[in-house]
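[1] any chance you can model this:
(one chain, ligands or ions: 1)
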Amino acid sequence: MSDLSLAAFESIIGSENVVGAADPPILIPSNENHLSEIIRKAGSDGVKVIVEGRGTFPAPEPPGKSVVVSTTSLSSVKEINSGDFIIITQTGAVVDDVVREAERKGFLVPLDITSGDVATVGGAFMTGAFGLSAVGYGAFRESVIGVRCVSPNGDILTGGGRTAKNVTGYDITRFLAGTMGLFAIAFELTIKVQPVPESRVIVTARFPAGMKSVNAVKKLAAGMKNMTMFEVVAPEGLGGIVTAAVGIEGMEKIVRRSADIARDRLGEAGADEIHDEKRETFMIKRRDAVKNMVGKDFLTISVPPSSSAVLMEKMHACSETMPVIVHPAIGRFHCVCKDDKVIRALRETSLSVGGKHPVLWDTIMQEGISGLFTGAELEIALSLKRELDPQNILNPHLLKI
Ligand SMILES: Cc1cc2nc3c(=O)[nH]c(=O)nc-3n(C[C@H](O)[C@H](O)[C@H](O)COP(=O)(O)OP(=O)(O)OC[C@H]3O[C@@H](n4cnc5c(N)ncnc54)[C@H](O)[C@@H]3O)c2cc1C
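    Next up is the predicted model:
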């Protein structure tokens, strides 16, 4: 930050919105025009811009002459439209706030991510986050039908719109989802919502000898009517006590029937305790349990859902004590693992069933997006970056070019 003058940025957003003492300095614009002016100024002064929501994803080292542009003051929900079934929100709004505000009006935003109490909706969109209920509602990106953003040359762009049937033209919204702020800073999202379901039940089960939970995975991974969530959590490893939770939502009559089936299948799989839990209580409890596991040794593996039981058995064979979280119905696995031999074995199994390379949080923190993308994905991202952001202004620390 040595030869970086903040005066020009202060004249755009006011000195009260510049945290000059931070390294890199933090700029907090409160509207899109300021955002656009900041990007233009950064471009003309050769300053790099690190885009930040709430910073729950710990980024690699920032580049030399840089500023952080924070979306935290772009945090209002602008419209909840019950006729169009949409919410229009600024991207700096906190996930849980948006979800609660929608719920108060009778709408469901399917975004129950672990860091929802702090993370922004813009961050969730740009990281391609999956909520717990992805089994029923898909990844968050599937609910985002419009985006407004500032491009690397400071232009304000609009993609998509108020209707899901906005199908003509280039789909900027889909393009930007999961791109980690490399190609634009999003300042507004249009999210498709649906009515809060009549009934929402969570059936939880305890498995005393952990590996019995794989039976539950075999019985339930293919899903059942109105299942929106299926999670298996083993904080002490698959050799210890494991809990499984099945979420079912929809019309009360159907939910009651599906919940009975879930209880039966969990019982047949060997659960020694099964009960229904209030959604709010369950969410708080599992968020605490999962947050304790997230850190630099946190590993994510994605396999086709039909191979979830295979990978789970492999994880158990590799270690009885390794903390594990499994979302079998979408084939998403997390574990806490420092052992290279185990990581290699899991990679081999994942690739052999058509899954992806394991992604270690530590590697993302060190190498940015090159630790996240496959070789082919990275090549495409690099060439797009050269075209769309030739000065490499936005988030250059995530992509070494
Ligand atoms: C690759 C990845 C996948 C994740 N998947 C999941 C998941 O499936 N489930 C889950 O519970 N948690 C997931 N997380 C963790 C957590 O949900 C996200 O880190 C969180 O949603 C990010 O919100 P944030 O406001 O803290 O964003 P930050 O941590 O501040 O930013 C995250 C990334 O998004 C960019 N970004 C943020 N806001 C904007 C914006 N408005 N415009 C452009 N770029 C922006 C940043 O530059 C950065 O690259 C994931 C994290 C990462 C890194």
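
[2] run through the residues of this protein sitting next to the ligand.
    Residues of the chain lying close to the ligand (CB under 6 Å from any ligand atom) are 51-57, 71, 91, 113-115, 119-120, 122-124, 126-130, 180-181, 185-186, 364, 372, 395, 398. Using the backbone N, CA and C atoms, a C-beta is placed for each residue, glycine as well.

[3] what sits against residue 197?
    With contacts defined as CB atoms under 8 Å, 6 or more residues apart in numbering, the neighbours of residue 197 are 108, 249, 250, 251, 255.

[4] so where is the stretch 301-401 of the chain shaky, pLDDT-wise?
    Counting by pLDDT under 70, the stretch 301-401 of the chain shows low-confidence ranges at 400-401.

[5] count the neighbours of the residue in it positioned nearest to the ligand for me.
    Per CB to the nearest ligand atom, residue 395 is where the stretch 301-401 of the chain lies closest to the ligand, at 5.1 Å. By other CB atoms under 10 Å, 29 other residues sit near residue 395.

[6] do residue 290 as well
    By the other CB under 10 Å criterion, the neighbourhood of residue 290 contains 19 residues.

[7] just residue 232 next, same as before
    Residues near residue 232, counting by other CB under 10 Å, number 27.

[8] may I see the buried residues of the helix or strand containing residue 203?
    Residue 203 is part of strand 199-207, with elements assigned from DSSP states H and E. Neighbour-count burial for strand 199-207 flags 199, 200, 201, 202, 203, 204, 205, 207 (criterion: 16 or more other CB atoms under 10 Å).

[9] may I have it as CSV, with CA atoms only?
    Once side chains and other backbone atoms are set aside, the C-alpha atoms of strand 199-207 remain, and they are given as CSV (Å, rounded to 0.1, in the frame of the first residue of the first chain):
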residue,chain,number,x,y,z
SER,A,199,-45.2,-28.4,6.6
ARG,A,200,-41.4,-28.7,7.3
VAL,A,201,-40.2,-31.7,9.3
ILE,A,202,-36.7,-32.8,10.2
VAL,A,203,-36.2,-36.4,11.3
THR,A,204,-33.0,-37.1,13.1
ALA,A,205,-31.4,-40.4,13.9
ARG,A,206,-28.5,-41.5,16.0
PHE,A,207,-26.3,-44.4,14.9
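
[10] for that strand, packing partners?
    Under the contact criterion of 3 or more CB pairs under 8 Å, 6 or more residues apart in numbering; DSSP states H and E, the helices and strands touching strand 199-207 comprise helix 212-220, strand 242-250, helix 252-269, strand 273-277, helix 279-291.

[11] show the average pLDDT along it.
    For strand 199-207, the mean per-residue pLDDT is 94.

[12] against residue 224, how distant is residue 258?
    Between residue 258 and residue 224 the computed distance is 5 Å (CB to CB, to the nearest Å).

[13] any residues in contact with both of the two?
    Common neighbours of residue 258 and residue 224, counting by CB under 8 Å, 6+ apart, are residue 248.

[14] more crowded one of these two?
    Here residue 258 and residue 224 are set side by side on neighbour count (other CB under 10 Å), and the busier one is residue 258, at 22 against 17.

[15] what helix or strand is the nearest residue to residue 357 once chain neighbours are set aside on?
    Once flanking residues are discounted, residue 357 sits nearest to residue 347: 6.0 Å by CB to CB, 6 or more residues apart in numbering. For residue 347, the element it lies in under DSSP H and E is helix 340-352.

[16] between the contacts of residue 197, which is nearest the ligand?
    Nearest to the ligand among the contacts of residue 197, counting by CB to the nearest ligand atom, is residue 108 at 17.2 Å.

[17] now list the buried members of the residues of the chain next to the ligand.
    With neighbours counted using 16+ other CB under 10 Å, the residues of the chain next to the ligand contain these buried positions: 51-54, 56-57, 71, 91, 113-115, 119-120, 122-124, 126-127, 129-130, 180-181, 185-186, 364, 372, 395, 398.

[18] what's the closest residue to residue 255 other than its chain neighbours in contact with, if anything?
    Here the nearest residue to residue 255 in space, its sequence neighbours aside, is residue 199; by CB to CB, 6+ apart that works out to 4.1 Å. Residues in contact with residue 199, defined by CB under 8 Å, 6+ apart, are 249, 250, 251, 252, 255, 256.

[19] picking up where we left off before, burial check on the residue nearest to residue 357, number of neighbours?
    Other residues within reach of residue 347 by the criterion other CB under 10 Å amount to 16.

[20] check which helix or strand the residue positioned nearest the centre of the chain maps to.
    Residue closest to the mean C-alpha point of the chain, counted by CA atoms, centre = their mean, is residue 129 at 1.8 Å. Applying DSSP H and E as the criterion places residue 129 outside every helix and strand.

[21] ok, and the closest non-adjacent residue to it?
    Counting by CB to CB, 6+ apart, the nearest residue to residue 129 once its immediate chain neighbours are dropped is residue 113, at 5.0 Å.

[22] now do the strands in the stretch 101-250 of the chain.
    Here the stretch 101-250 of the chain has its strands, by DSSP state E, counting those that start in this stretch, at 107-108, 144-150, 156-160, 185-192, 194-195, 199-207, 227-234, 242-250.

[23] pLDDT wise, what is the nearest residue to residue 388 once chain neighbours are set aside at?
    Once its chain neighbours are removed from consideration, residue 388 has its nearest residue in residue 183; the separation is 5.2 Å (CB to CB, 6+ apart). Note for residue 183: predicted pLDDT of 97.
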